[in-house]
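K.L.:
Below is the sequence, then the predicted model.
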Amino acid sequence: MTDATVTLDEPIVRGEQKISTLGLRRPKSGELRGLSMIDLVQLKVDAVHELLPRITVPPLIMAEVHDLSPADMFKLSTEIAGFFLPKESAASPNA
């Protein structure tokens, strides 16, 4: 199950396979171990790099995460930051 889908500007090549979309699962508290939620919300690259292999569908390896384009990294990071908004904030037009 995924909570968000991101279409990559630059697909990931894994052998014969091209991955052009990634699913993101909303992280559970165990997947956030060792990470700062503030760093994730501030889109800090090191924190996002650490989290992505834990929540991507299909799962990425760290080398693939390090090879993401800046545009794709930004798209994924903003989706991750959105996971930390309370549901009522995300639904409110005045938030």
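P.N.:
It's in.
K.L.:
Please count neighbours and contacts with C-alpha atoms only from this point.
P.N.:
Noted.
K.L.:
Look through the protein and tell me its longest helix.
P.N.:
Ranked by residue count, the top helix of the chain under DSSP state H comes out as helix 70-82.
K.L.:
Using CSV, list the CA coordinates for that helix.
P.N.:
What follows is helix 70-82 as a C-alpha-only set of coordinates in CSV (Å, rounded to 0.1, in the frame of the first residue of the first chain):
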residue,chain,number,x,y,z
PRO,A,70,17.6,17.3,-7.4
ALA,A,71,14.1,17.7,-8.9
ASP,A,72,13.1,14.2,-8.0
MET,A,73,14.6,14.5,-4.6
PHE,A,74,12.6,17.7,-4.0
LYS,A,75,9.4,16.0,-5.2
LEU,A,76,9.9,13.0,-2.8
SER,A,77,11.0,15.3,0.1
THR,A,78,7.9,17.5,-0.1
GLU,A,79,5.6,14.4,-0.2
ILE,A,80,7.4,13.1,2.9
ALA,A,81,7.1,16.5,4.7
GLY,A,82,3.3,16.3,4.0
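K.L.:
And the strands in this protein?
P.N.:
4-14, 17-24, 56-57 (DSSP state E).
K.L.:
Which one, of those, ends up nearest to Met73?
P.N.:
strand 4-14 (9.1 Å; CA to CA).
K.L.:
quick revisit: in terms of secondary structure, what does the longest helix of the chain contact?
P.N.:
strand 4-14, helix 37-41 (3 or more CA pairs under 8 Å, 6 or more residues apart in numbering; DSSP states H and E).
K.L.:
could you redo those as CSV and give each row distance to Pro27 and mean pLDDT?
P.N.:
Listed next are those as CSV, based on distance: least, CA to CA, whole Å; pLDDT from 0 to 100:
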stretch, distance to Pro27, mean pLDDT
strand 4-14, 11, 97
helix 37-41, 11, 97
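K.L.:
Of all those, which one is nearest Ala63?
P.N.:
So among the helices and strands packed on helix 70-82, strand 4-14 is nearest, using CA to CA, at 10.7 Å.
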